[in-house]
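Visitor: generate coordinates for the sequence data below:
(one chain, ligands or ions: 1)
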Amino acid sequence: MGSQGMLARRALLTNTPVMVQIQELIRGVKDCISLAQGVVYWQPPKQALEKVQQLVWDPSVSRYGADEGLPELREALTRKIREENKLYKSSVMVTAGANQAFVNVVLALCDAGDSVIMFAPYYFNAYMSFQMTGVTDILVGPGDPKTLHPDADWLEKTLQETKPPPKLVTIVNPGNPSGTYIPESLLKRISDICKNAGCWLVMDNTYEYFMYDGLKHVCLEDNHIINIFSFSKAYGMMGWRVGYIAYPSEVKGLSEQLLKIQDNIPICASIISQRLALFSLEVGPEWVTDQVKDLVKNRGIVLEALTPLGEDAVRGGEGAIYLWAKLPDKHSDDFEVVRWLARRHGIVVIPGCSSGCEGYLRISYGGLREEDCRVASARLRKGLEELVKDGMVQ
Ligand SMILES: Cc1ncc(COP(=O)(O)O)c(C=O)c1O
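Guide: A predicted model of the protein is given here:
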């Protein structure tokens, strides 16, 4: 048996993580600037970090905690989802980030062989979570060409016509990779379609606070809806790994199944990280919106850098930390363009093929302060000007 024969097909047939490929690319280029990874430049609130610093000697942070999360944190989150997200009938499970939350949910709701639905351009890690859990029948629905809003008519038709009907629909709002904001009326329509078809709707609200131009994020609640949240971007806690699931309390057996999965993956999210999450929550959402409001400048700077691609090339960007841009038709090999931009112009972005759309780029503008974002954007602009005018000259 060759060495590949010793490995699980579920892993072999899962896409290679784009961020790992991008990190490798960055390592190979001297003085490269990244507009690639979905990160923010800030650290957690200072007051929260100071408090958590004193906790390292407390024996409780070195022990296991309750699988579903520290009771104090769950209480605070239950209040938060009531007050901010209007979720009144949901229970909370704390996880090691939103990605782990998503895997828990897929394992609890889907069997290998089930079909599921996402919309293009999709969040690559969610796609991989399906692949590696044996949920390989992933139907990718279209977005509106202008707004990138999920096509609800397609969803309705597909749920009616696919037998057996897909088990789960997932959306990210506002979106990764596009930053697209899905209006409440469309969310409600998608939710009703899922409910009528007896299908789960999993909504990823990682960027709930990352809304611009007066738009307001909303969540929906029902017995077929699961909401996922993250501390990573909002509170600058990417490396601390804390997220949570808000799931319908009334659905019999759901919390027990989620607990089985949780007990076998992290057992519990890191205790000191949960403490930091609690201290951060106490600082409050105003702290987060205060950080986020300055990102509008970065968005404007990057938007300007994308102008060589033409007036109509950019989509999304109403929320989150991303812009989504179409490359000229003759450059549909987006990964080739990404490599060229890195090597020739010292700037890295994400290829659209990782989200199911060749010929596009995802540009992330949350990871750099304004001054650095200007430097990165100048490189991007120069690269795109050259691409459009002369092609990928070496
Ligand atoms: C939509 C979405 N969900 C989940 C995650 C992962 O978040 P976490 O760090 O909480 O696992 C990200 C991170 O980029 C994301 O963009």
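Visitor: hey, let's count contacts and neighbours off CA atoms from now on
Guide: OK.
Visitor: excluding chain neighbours, what is closest to the spatially most central residue of the chain?
Guide: Using CA atoms, centre = their mean, the residue of the chain that lies closest to the mean C-alpha position is residue 176, 5.1 Å off. Excluding the flanking residues, the one nearest residue 176 by CA to CA, 6 or more residues apart in numbering is residue 123, at 5.6 Å.
Visitor: so the one you found makes contact with residue 357?
Guide: No: taking contacts as CA atoms under 8 Å, residue 123 lies outside contact range of residue 357: 11.2 Å.
Visitor: who has more neighbours out of those two?
Guide: Set residue 123 next to residue 357 and count neighbours by other CA atoms under 10 Å: residue 123 wins out with 21 against 16.
Visitor: what does the model give that one for pLDDT?
Guide: Note for residue 123: predicted pLDDT of 98.
Visitor: could you measure from it over to the ligand?
Guide: In this view, residue 123 and the ligand are 6 Å apart by CA to the nearest ligand atom, to the nearest Å.
Visitor: isn't there a strand covering the residue nearest to the centre of the chain?
Guide: No: secondary structure of residue 176 (DSSP: H, G, I helix; E, B strand; the rest coil): coil, not part of a strand.
Visitor: phi first, then psi, for it.
Guide: Main-chain torsions, residue 176, degrees, to the nearest 10: phi -120, psi 120.
Visitor: run through the residues that contact it.
Guide: By CA atoms under 8 Å, 6 or more residues apart in numbering, residue 176 lies in contact with 122, 123, 320, 322.
Visitor: okay, it and residue 106: tell me how far apart.
Guide: Applying CA to CA, to the nearest Å, the value for residue 176 to residue 106 is 19 Å.
Visitor: enumerate the residues of the stretch 51-200 of the chain near the ligand.
Guide: Taking CA under 6 Å from any ligand atom, the part of the stretch 51-200 of the chain that reaches the ligand is made up of 97, 98, 99, 172, 176.
Visitor: the third one contacts residue 123, doesn't it?
Guide: No: Residue 99 lies out of contact with residue 123 (CA under 8 Å); the separation is 10.6 Å.
Visitor: the closest residue to residue 106 other than its chain neighbours is in what secondary structure piece?
Guide: Nearest residue to residue 106, sequence neighbours excluded (CA to CA, 6+ apart): residue 130, at 7.1 Å. Counting by DSSP states H and E, the element that carries residue 130 is helix 124-132.
Visitor: local confidence estimate at the residue nearest to the centre of the chain?
Guide: pLDDT, read off for residue 176, is 98.
Visitor: same question, the one 3 residues further on
Guide: Listed pLDDT for residue 179 reads 98.
Visitor: ditto for residue 1
Guide: 55.
Visitor: one step back: could I get the contacts of residue 176 as TSV with secondary structure?
Guide: Shown next, in TSV, are the contacts of residue 176 (three-state DSSP):
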residue	secondary structure
122	coil
123	coil
320	coil
322	strand
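Visitor: thinking again about what came up before, now for the helix holding residue 130, which elements pack on it?
Guide: Helix 124-132 is packed against helix 9-12, helix 98-109, with contacts defined by 3 or more CA pairs under 8 Å, 6 or more residues apart in numbering; DSSP states H and E.
Visitor: residue 203 reaches residue 173, doesn't it?
Guide: Yes: using CA under 8 Å, residue 203 is in contact with residue 173, at 7.1 Å.
Visitor: is it true that residue 361 touches residue 328?
Guide: No: contact between residue 361 and residue 328 fails when scored by CA under 8 Å: they sit 11.0 Å apart.
Visitor: more neighbours: these two, which one.
Guide: residue 361 (28 against 15).
Visitor: element containing that one?
Guide: Going by DSSP H and E, residue 361 is in strand 360-364.
Visitor: between the very next helix or strand once past that strand and strand 360-364, how many degrees?
Guide: Per DSSP H and E, the first helix or strand lying C-terminal to strand 360-364 is helix 370-390. Here the directions of helix 370-390 and strand 360-364 differ by 160 degrees (axes from the mean of the first three to the mean of the last three CA atoms, to 10 degrees).
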